[in-house]
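# A predicted structure for the sequence below; I have some questions about it.
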Amino acid sequence: MAKRIGIVACSSEGAALCYQTICLGAAPLMGEYNHPEVLMHTIPFLRYKECVEAWDWAKVAKLMLSSARRLAHAGADFLICPDNTIHQAFDMVAEKSPLPWLHIAEVVRSKAQEKGLKRLAVLGTEFLMNGPVYRDILKKSGIETEIPNAPDQKLINKIILNELVYGVYSSESREYFISVIGGMKALGCDGVVLGCTEIPKLMHPGESPLPLLDSTRLLAGAAVDEALR
């Protein structure tokens, strides 16, 4: 039997995309309409948002661990979190977790290595872009990172929190992201990390000036692989 996947959810849009990708992506490996069992728990997004905006990663870790324990009790075999920003608390979570986790940035790093990418633009919330999650993990493989300038960071953050988490994906915001990615290409980036799990629903590969590393779908694919391992 496949292992049971536990999803520690944060925003509804990112978690929903991850869940859907797991279910649809498993069928070619397991047979039509088939996929591993999936369990999900989510604490209200507001509680995460308040902790992140206070840069209180210890409290973020407590929230994540609360979900982890509930999922362990429900029968999950391992855990994933389709939210990049709160991975800044990952080390505090992993050391106390009742179950093993897949790390979203490690999954992205593996794909970047496979593609031979050397310098990645990282897009996400202000907290993610200015935090260590992707910078430190990609550095392990000698991959450099670049982030947008401060005004672009603020507007990207605003679009994520005022539009994307609510399921609003406008053509204006899409064009803006395309222009930002174009600017990162001009700085020498050879790929871009969609380091917010909602951005993949806004951006599509054929529209981007750079190859996309879709953290949400990559994590979902890695979860299916782990479930079947």
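Now that the structure is in, tell me what you want to look at. Numbers count the residues shown, from 1 in each chain.
# mind listing what's buried along the helix or strand containing K185?
Using DSSP states H and E, K185 sits in helix 171-186. Neighbour counts over helix 171-186 (16 or more other CB atoms under 10 Å) mark 173, 176-178, 180-181, 183-185 as buried. In this view, the C-beta of every residue, glycine as well, is placed from N, C-alpha and C.
# repeat that for stretch 31-38.
Neighbour-count burial for stretch 31-38 flags 35-36, 38 (criterion: 16+ other CB under 10 Å).
# for K140, see how far away the nearest residue to T197 once chain neighbours are set aside is.
The spatially closest residue to T197, leaving aside those adjacent along the chain, is G14, at 2.9 Å (CB to CB, 6 or more residues apart in numbering). From G14 across to K140, the span is 25 Å (CB to CB, to the nearest Å).
# so for those two, which residue has more residues nearby?
Set G14 next to K140 and count neighbours by other CB atoms under 10 Å: G14 wins out with 26 against 10.
# residues touching I80, list them.
I80 makes contacts with 5-8, 18, 101-102, 104, 219-220, 222-223, as judged by CB atoms under 8 Å, 6 or more residues apart in numbering.
# same thing but 7 Å
Contacts of I80 were listed using CB atoms under 7 Å, 6 or more residues apart in numbering, and they are 5, 7, 101-102, 219, 223.
# quick check: of those residues, which lies closest to K158?
Nearest to K158 among the contacts of I80 is L219, at 24.6 Å by CB to CB.
# sticking with that closest one, tell me its helix or strand.
Per DSSP H and E: helix 215-228 holds L219.
# got the buried residues for that helix?
Quick answer for helix 215-228 (16+ other CB under 10 Å): 215-224, 226-227.
# including distance to E163 and pLDDT, could those go into TSV?
As requested, the buried residues of helix 215-228 are exported to TSV (distance: CB to CB, whole Å; pLDDT from 0 to 100):
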residue	distance to E163	pLDDT
S215	18	98
T216	17	97
R217	20	98
L218	23	98
L219	22	98
A220	22	98
G221	26	98
A222	27	98
A223	27	98
V224	29	98
E226	32	98
A227	32	98
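# many thanks, I have nothing further to ask.
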